[in-house]
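>>> Prediction below, plus the sequence it came from.
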Amino acid sequence: MRSIVSATAPMNDAGTVSIILLNWNNAADTIRCLRSLRYLRGVRPEVIVVDNGSTDDSVACIRAAIAHLGFPVTVLETGSNLGFGGGCNVGIRHALEQGADYLWLLNTDAIPHPDAVRSLVEAMERDAQVGAVGSVIYDLEQPERIQTWGGGQVHLRLGVTHHHRHPVKPGRLHYLTACSLLLRSASLAQTDLFDEKTFFMYWEDADLCLRLRQKGWNLAVAERSLVWHRTSSSLGRTHPLKDYYVTVSASHFQRRYAPLPSVAIALGMTARITRRAVMDRWLNVRAMVAALRHQPPPVAVTPPRGLPPCSGTAMLRVAIEASTLRGAKAGIGHYAAAMAQYLASAPGVEVRYFTAQEYAELPPRPTGLLTRQKPRWRQRIPMGRQVQYQLQRWRLAQLSRNWHPDLVFGPNFIVPPSGTPSVLVIHDLSHLRYPETHPPERVAFMARQLRPAIARSSAVVVDSHFTEQEVLSYFPEAAGRLHVIYPGIESRMAAPPSAAVESALNALLKEDDRRFFLFLSTLEPRKNLAGLLAAYAALPAAIRGAHPLVLVGQMGWQESNFAAVLTGMVERGEVRMLGYLRDELLPALYRRALALVYPSLYEGFGLPPIEAMATGCPVLAANVSSLPEVCGDAALYCDPLDVGSITAAMRRLAEDDALRARLAAAGPARAALYTWEDAATQVLAVMREVVGR
């Protein structure tokens, strides 16, 4: 249950596609890119990784990762650095030998949309004269910013190129960037492959595209093929070696194609040198001058910046965003507390905590158990969440200066920016699917901050495969960083309650020994309390008299929507409100209940149903979102949008002893699949992979 590979159905009548990735000392990016390929839809491609003479342990790390991908990957080793074109040619030749019709060159520092390759192939097959198709390239670090609309235009008289950032007429599309480039094998048969003898790095894609056009082939951009790319990860945006190789390749290109090569080289170099001088990058200027003089570069070739992906056992320092640990804990608070507890006790791990108020060695103390919490300061002042976020950012900066964490862990959707790698947890996207069930200020804050937080994160943990697909739907650029790790439940849920706990619960229930329908959650619109109350009210009077409805949880947002109905039912004795209960009372409460009723409109996981199952309490759950995935065949299901469906299911539970017995027997085995130890072990493994420790 802990891993998934999204199978891709082949397109009807589509040719075979080979994906070629070129790695050089950057296994971390390559592995993330490979993981993103699991989600591709429409084609089942052959994947080839060409290692271009890496000097680190890239090949070993990539081979280890391939074993967990769930689809075959061919690894080819060149033995030496052949340059971009030479390395790609190794993969292209292999793919052509295997009979590939199309070859997709994809940068390893890029993440494709699930429909990216399907859209490329569709664009290719619409026009038999198209020899190459490009994608719309977005910035991986600023996911809504377009880097390149497929490719650009070459100004042969000026010695420069211009990337398009919007659709253009076909005549202005001179080249396609090899960041994401689908090539037709038939077109390569006429033009040959990349000119690896002339172009070591840069301009090789422009050269190939111009040769294709000279042979009568057209270029196209598939507007629905989206790819997110981190710029110049191999050398860095401003590395002098980038300017060196750009200068060398540009000079070769102008000599080959420009009507006045010397003029084009001079104009292009003047423009580039002027820009570097204005930015005070004199080492870059020296590199360009050396290239023009056919001299060696003034700096050495260094591997890409970044952290190795192979996990180890060295000490790991983790800074935990701990705001959800301060108040009465709901689902996310329990998640954060369990993860923090495990990480703090794990060998080789040190933790610190930060909130908007402080940073410390110990987790923040809870503010107490309140049936209804007073409005927090962030809700009393304008832009309160944004202010809290800025204060968290300040506290994290203080902690980073004084303690130097290796990683920041954000268990609650958002983590402030820092120079430290981060692991982010996304529990659900209810603020996007059901914005009306959240306060507008929360929705606005999440809309501003969630996408940038995902872009900054080295890994994103989600609670279920349902949430995985939700994230992909809204944030496809996260594909290579997603890890599905189910939360757990406390082991005490399966243990018999003590006499003291039973006595406390009896007092809370005022010695009422009737079996009751239990609803346990924050009382807010998303949990569908209004639908539950209407469904319960529609039950026969005899059932309502024998089985009251017990509500457990703190009041949430917009309780006024159901307050009037709830008040009347409480006054008639049909509904009892117990408020927020201490954790130690919950196992006994579940055991006393006739069934847990959980008709939530949307859940990323849903802890209460699994907790109830662990105690042998029958569960009625909504048949939507993650609940069928998580609960499996150990629950009874209803349509949360149909009051009649909820009523009918509740009536079945009240009248069918055999059904309750079956659910009670199936529950503990299902609940045993979810443990905090297992969840935290997997999260820690992700953390160690991110930082290479």
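Right, received. Where do you want to start? Numbers count the residues shown, from 1 in each chain.
>>> give the contact list for residue 490.
338, 583, 611, 676 (CB atoms under 8 Å, 6 or more residues apart in numbering). The C-beta positions use only the backbone N, C-alpha and C, and glycine is treated the same way.
>>> ok, now residue 134?
Contacts of residue 134 (CB under 8 Å, 6+ apart): 148, 150-151, 176-177, 180-182, 219-222, 225.
>>> what is it paired to in the beta sheet?
residue 181, residue 221 (DSSP bridges).
>>> tell me the pLDDT at residue 310?
On pLDDT, residue 310 comes in at 55.
>>> meant to ask about residue 219, not that
pLDDT, residue 219: 96.
>>> That one against residue 132, yeah?
Yes: using CB atoms under 8 Å, residue 219 is in contact with residue 132, at 5.5 Å.
>>> So which of the two has more stuff around it?
Taking other CB atoms under 10 Å, residue 219 and residue 132 do not tie; residue 132 has more neighbours (29 against 21).
>>> right, and the helix or strand after whatever helix or strand that one lives in?
In the assignment (DSSP states H and E), residue 132 maps to strand 130-139. For strand 130-139, the succeeding helix or strand toward the C-terminus, using DSSP H and E, is strand 146-149.
>>> which other helices and strands contact that following strand?
strand 130-139, strand 160-163 (3 or more CB pairs under 8 Å, 6 or more residues apart in numbering; DSSP states H and E).
>>> one more time with 10 Å
Strand 146-149 is packed against strand 130-139, strand 160-163, strand 218-229, with contacts defined by 3 or more CB pairs under 10 Å, 6 or more residues apart in numbering; DSSP states H and E.
>>> show me the contacts for residue 35.
5, 65, 68, 69, 111, 479, 480, 481, 482, 483 (CB atoms under 10 Å, 6 or more residues apart in numbering).
>>> Can you report how many residues neighbour the fifth one?
For residue 111, the tally of surrounding residues (other CB under 10 Å) stands at 28.
>>> Given the helix or strand containing it, what are its sheet partners and their directions?
Per DSSP H and E, residue 111 falls inside strand 110-112. Sheet pairing of strand 110-112 (DSSP bridges) gives strand 218-229 (antiparallel).
>>> what's the next secondary structure element after the host helix or strand of residue 472?
Per DSSP H and E: residue 472 is located in helix 465-474. The C-terminal neighbour of helix 465-474 among helices and strands, as given by DSSP H and E, is strand 482-484.
>>> which strands and helices sit next to that next one?
helix 27-36, strand 422-426, strand 459-462, helix 465-474, helix 676-691.
>>> pLDDT score for the closest residue in space to residue 83 that isn't next to it in sequence?
Closest residue to residue 83 apart from its sequence neighbours, by CB to CB, 6 or more residues apart in numbering: residue 200 at 3.8 Å. On the pLDDT scale, residue 200 is placed at 89.
>>> measure residue 416 to residue 451 for me?
Using CB to CB, to the nearest Å, residue 416 is found at 15 Å from residue 451.
>>> So which of the two has more stuff around it?
Using other CB under 10 Å, the more surrounded residue of residue 416 and residue 451 is residue 416, with 22 against 17.
>>> In this structure the more buried one contacts residue 323, no?
No: taking contacts as CB atoms under 10 Å, residue 416 lies outside contact range of residue 323: 11.0 Å.
>>> Mutual contacts of these two, please.
Joint contacts of residue 416 and residue 323 (CB under 10 Å, 6+ apart) are 354, 356, 389, 392.
>>> any idea which of those has the most stuff around it?
That'd be residue 354 among the shared contacts of residue 416 and residue 323, by other CB under 10 Å, with 28 neighbours.
>>> can I assume that one is in contact with residue 326?
No: the criterion here is CB under 10 Å, and residue 354 misses it with residue 326 at 11.8 Å.
>>> Next, show the common contact partners of the two.
Counting by CB under 10 Å, 6+ apart, the residues touching both residue 354 and residue 326 are residue 364.
>>> pLDDT below threshold where in the stretch 301-450 of the chain?
301-313, 327-329, 366-383 (pLDDT under 70).
>>> show me where it has strands.
In the stretch 301-450 of the chain, the segments counted as strands under DSSP state E, counting those that start in this stretch are 316-321, 349-354, 359-360, 407-410, 422-426.
>>> Just send the ones you listed back as CSV, with distance to residue 211 too.
Below are those laid out as CSV (distance: least, CB to CB, whole Å):
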stretch, distance to residue 211
strand 316-321, 50
strand 349-354, 55
strand 359-360, 58
strand 407-410, 47
strand 422-426, 44
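>>> Which residue is the nearest non-sequential neighbour of residue 429?
Closest to residue 429 by CB to CB, 6+ apart is residue 470, at 4.6 Å.
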